[in-house]
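sequence-free structure coming up:
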């Protein structure tokens with residue numbers, strides 16, 4: 001742990017995202033405030049034999065709006081998403097990496113499954129026809145670190161190029177580790193976040209096999225129901241979110257607009273089970289407490305929590321109990337919502353996307369809703385902002401949780 005004298009403040013100067021709710025931060029934020037869901041029938045492959053036949057797909061995505069035709073044809077979909085989100089974030093930051101500062105610029109961008117869906121398509125074609133059907137860029141499309149590598153190449157970032165992989169906490173860990181890189185003086189700028197394009201036969205079938213996905217095929221828009229008494233699993237989604245982080249000194253020297261301060265980061269493991277949290281989610285409690293301590297804040301300072309809450313029977317109630325334990329008497333006063341009710345679960349990109357949502361909630365003084373929450377689980381006592389966005393003026397600090405299979409946990413705290 002660094003002392004206050006040693007640590008450099010880390011600020012957010014750029015935000016870019018694309019999700020099933022839209023392309024760009026404004027489009028997504030407006031959709032969330034309106035309570036619009038991005039979930040619908042699967043079109044990326046024939047899902048007719050699946051137990052779950054819906055997902056959150058990014059709509060009207062044209063990669064050539066963000067890269068040339070040659071690169072668009074060469075890159076896997078998850079890498080295309082990363083490049084698009086990175087471009088949106090860099091435009092938002094108004095940042096160009098000068099050659100003489102290139103070694104002070106880094107990239108930490110992760111993914112859960114990388115190019116799995118694309119690899120599956122190649123395998124289906126190549127097995128009957130022969131190895132000549134495997135394209136030259138196959139391996140480069142499968143590798144999870146290639147999103148970070150392509151962003152490093154595009155923007156000339158010669159500092160560390162790293163890919164995190166920690167299931168659904170992947171991009172929250174990317175942001176936290178980017179924060180540490182800047183704090184200790186190893187970089188001045190870091191592009192951090194995650195990208196995911198998991199909607200394919202094997203991934204959907206695999207999550208169905210462990211009964212993780214909702215099977216409300218007659219009501220895709222209503223399927224993601226965090227905190228609801230009748231929730232039955234999460235909705236798989238795709239997308240990407242990248243944030244530009246800078247040392248405050250670097251950002252102010254170039255006259256950058258500062259969206260927020262990344263003030264606290266907590267990370268840890270349950271060390272308990274591969275898919276199930278402990279009853280009171282002790283691991284989540286530790287990461288929330290660690291992030292608060294890292295930021296020098298008390299629970300009473302937090303004005304909004306973006307919950308990980310995926311809409312699974314075990315996970316939502318465990319996180320709720322962890323929040324109740326950490327926030328004590330204030331647990332019922334702080335607005336807590338799950339925007340996965342509209343996004344679906346972006347898996348490796350979820351933490352970064354929800355970090356952006358948390359920042360916008362603080363900037364605009366509005367808590368986005370948890371839609372599809374007609375009847376809240378009676379075991380959950382939190383104020384889950386049901387169905388309609390709510391004004392929350394005067395918020396100066398927000399929290400964003402991300403938890404993953406394997407018992408891996410991350411919490412981020414942002415301040416104004």
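On my side now, so go ahead. All values reported here derive from a predicted model rather than from experimental measurement. Numbers count the residues shown, from 1 in each chain.

Roughly how far does residue 8 sit from residue 132?
In this view, residue 8 and residue 132 are 52 Å apart by CB to CB, to the nearest Å. C-beta coordinates here come from the backbone N, C-alpha and C atoms, glycine included.

Which one's more surrounded, these two?
Using other CB atoms under 10 Å as the criterion, residue 8 and residue 132 rank with residue 8 on top: 17 against 7.

How many residues are close by the nearest residue to that one once chain neighbours are set aside?
Residue nearest to residue 8 in three dimensions, not counting chain neighbours: residue 247, with 4.7 Å by CB to CB, 6 or more residues apart in numbering. By other CB under 10 Å, 20 other residues sit near residue 247.

Please report phi then psi for residue 247.
As for residue 247, its main-chain torsions (degrees, to the nearest 10) stand at phi -70, psi 150.

wait, it sits on residue 13?
No - between residue 247 and residue 13 there is no contact under CB atoms under 8 Å: 10.4 Å.

Spatially central residue for this protein, please.
Centroid check for the chain by CA atoms, centre = their mean gives residue 350 as the closest residue, at 2.1 Å.

Got the confidence number for the nearest residue to that residue once chain neighbours are set aside?
In space, and not counting its chain neighbours, residue 350 is closest to residue 168: 5.7 Å by CB to CB, 6+ apart. Residue 168 is assigned 97 on the pLDDT scale.

element containing the residue nearest to the centre of the chain, please.
Taking DSSP states H and E as the criterion, residue 350 maps to helix 350-364.

Check the average confidence over whichever helix or strand comes after that helix, would you?
The element immediately downstream of helix 350-364 (helix or strand, assigned by DSSP H and E) is strand 366-367. Averaging pLDDT along strand 366-367 yields 98.

Each with direction, which strands does strand 366-367 pair with?
Taking DSSP bridges as the criterion, strand 366-367 forms sheet pairs with strand 390-391 (antiparallel).

got the contact list for the partner strand?
In this structure, residues lying in contact with strand 390-391 by CB atoms under 8 Å, 6 or more residues apart in numbering are 335, 365-367, 369.

just the buried members of those?
335, 366-367, 369 (16 or more other CB atoms under 10 Å).

Check which helices and strands the helix or strand encompassing residue 287 is in contact with.
Using DSSP H and E, residue 287 sits within helix 282-295. Judged by 3 or more CB pairs under 8 Å, 6 or more residues apart in numbering; DSSP states H and E, helix 282-295 is in contact with strand 260-269, helix 313-327, strand 397-404, strand 408-415.

So which residues of the stretch 51-200 of the chain form strands?
54-55, 105-110, 161-162, 189-196 (DSSP state E, counting those that start in this stretch).

The third one pairs with which strands?
Its sheet considered, strand 161-162 pairs with strand 105-110 (parallel) by DSSP bridges.

The partner strand vs helix 350-364, what angle?
110 degrees (axes from the mean of the first three to the mean of the last three CA atoms, to 10 degrees).

List the buried residues in strand 105-110.
In strand 105-110, counting by 16+ other CB under 10 Å, buried: 105-110.

nearest to residue 184, of the residues you listed?
The nearest member of the buried residues of strand 105-110 to residue 184, counting by CB to CB, is residue 106 at 12.1 Å.
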